[in-house]
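Chemist: I would like the atomic coordinates for the input below:
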Amino acid sequence: MTWARLAFRLHRSSIGFAALVCLGLTALAAWLTLSLPSMLAACEAPTASHDCGVISLFGSPLGDTALMFNLGIGVATYAMPLVLGVPIVTTEIEQRTAMISWPLARSRLKWLAWRAGSVLVIGLVLIGLMAAAAEALAHANDPGSDLGFASHGVRGISLVLRSTLMLVVAVAVGAVVGRLLPALLLGIALAVGLSFAVELPLPYAVASTELTPSEMSGHPFTTGHAYRAPDGTPISDEEAEAMSMAAFQEYSPELPPDSVLPIDVSHGIAGSRYIEVLARESAVLIGATVLAGSVAAVVVARRRPE
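Modeler: Numbering: from 1, shown residues only. Okay, the predicted model is just below:
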C-alpha cells in the first residue's frame, strides 16, 4: 500500500481530520443504531417523558436523535471532501514542489491522477463507512418499513456521490486558485451552493402523481397539494377554507363529519419509485463529477507551477 502511505505523508493533516470526523460520525451512528430500539420502546410507554427521544445537553433538549445526526452528516458530506481535495494541488504550488515534481513527471495528468486518485480512494473508503452507518441508522429509526425518500442525500449512494462530486470540485478549485486559504474560502461558498443545487432538480423529471393514503405513509417526495370538494370537484385553497369554515359553523359545537369537509390531495413521487429517482440523480452527479475532473485536468496541464 505504498500509494496510501505516500498520500498520508503528503496530506497527513487533511486525511487525519477527515478520518476523525468520519469515524466519529460512524461510531455515533453505530451507537444510535443499537440504542434506538430501546429508546423508541421507552417513548411508547405511558410513563414516557415530554422530551423522550431527543438528545439533551445540560438538560436542554436539542432535537430528535436521527435528525441531529443527519445534520452532522449533511455538513460532513461537503466539509470533508473540501478539506481533502483543496490541498492536493495548492500544497504543491505553495511549497514550490510543483516546480520540481511537474517537470519530472512524464505527464501532469498522470501526476494528478496519482495524487488525487490516492486521496480519492481514501476519501471514498471513509465516506462509504459514513454512508453505510447512516443507512443503518435510518432503518433503525423507522424499522419495518421502506425508507423511500427518508433521509435522502444523507445516507447510502446519494451521500457517496454527492461527496465524490464535492471532492473533485475541491481539487479543481485548488488547481484554479493555487492558494490554500483563498481556495478553501471559495470552496466553502461552492459547497453551500452545491448543497442547494443538487436538491433543485428533484425529482429529476420523474412525473408526480396523486398520492394515495398508503403512499403518503411510505416516505414519498411531495411536490404539492390541492383540494377537492366532497363530490371530487377540484377547488381552490380559498374555496376549501370557506367550505371548512361553513361546515364548522353549521355543526358547532360538534365536529363536522369528514363527508362535508374538503379533501386534501397530495401530489408527488411514491417511496416505491425512489430507485428510479436515485438512478437519474446518480447519472447527473456522475456526469458533473466527470466534468469537474476534466476542468481540474485541463487547469493542471496548462497552469504555471508557481
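Chemist: For the chain, which segments count as strands?
Modeler: Assigned by DSSP state E, the strands in the chain fall at 54-57, 60-64, 209-210, 221-228, 234-235, 263-269.
Chemist: which of those strands has the lowest average pLDDT?
Modeler: The weakest mean pLDDT among the strands of the chain belongs to strand 60-64, with a mean of 50.
Chemist: Helices along the stretch 51-200 of the chain, start to end?
Modeler: Applying DSSP state H, counting those that start in this stretch to the stretch 51-200 of the chain gives helices spanning 65-85, 87-94, 98-104, 108-141, 156-177, 180-197.
Chemist: Which strand residues bridge Ile269?
Modeler: Beta-bridge pairing for Ile269 (DSSP bridges): Phe221.
Chemist: That one is in contact with Pro220, isn't it?
Modeler: Yes - using Cβ atoms under 8 Å, Ile269 is in contact with Pro220, at 6.0 Å. C-beta here means a position set from N, CA and C on the backbone, and glycine is covered the same way.
Chemist: what touches both of these two?
Modeler: Common neighbours of Ile269 and Pro220 (criterion: Cβ atoms under 8 Å, 6 or more residues apart in numbering): Phe149.
Chemist: State the phi and psi torsions of the residue most central in space within the chain.
Modeler: In the chain, the residue lying closest to the centroid (Cα atoms, centre = their mean) is Gly153, at 3.0 Å. Per-residue torsions, Gly153: phi 100, psi -20 (degrees, to the nearest 10).
Chemist: Give me the pLDDT for it.
Modeler: On pLDDT, Gly153 comes in at 90.
Chemist: Pull the contacting residues for it.
Modeler: Gly153 sits in contact with 74, 77, 159, 162, 198-199, where contact means Cβ under 8 Å, 6+ apart.
Chemist: Return the members of these classed as buried.
Modeler: Taking 16 or more other Cβ atoms under 10 Å as the criterion, what is buried in these is 74, 77, 159, 162, 198.
Chemist: I'd like the distance between the last one and Ala226.
Modeler: Right, Val198. According to Cβ to Cβ, to the nearest Å, Val198 and Ala226 sit 27 Å apart.
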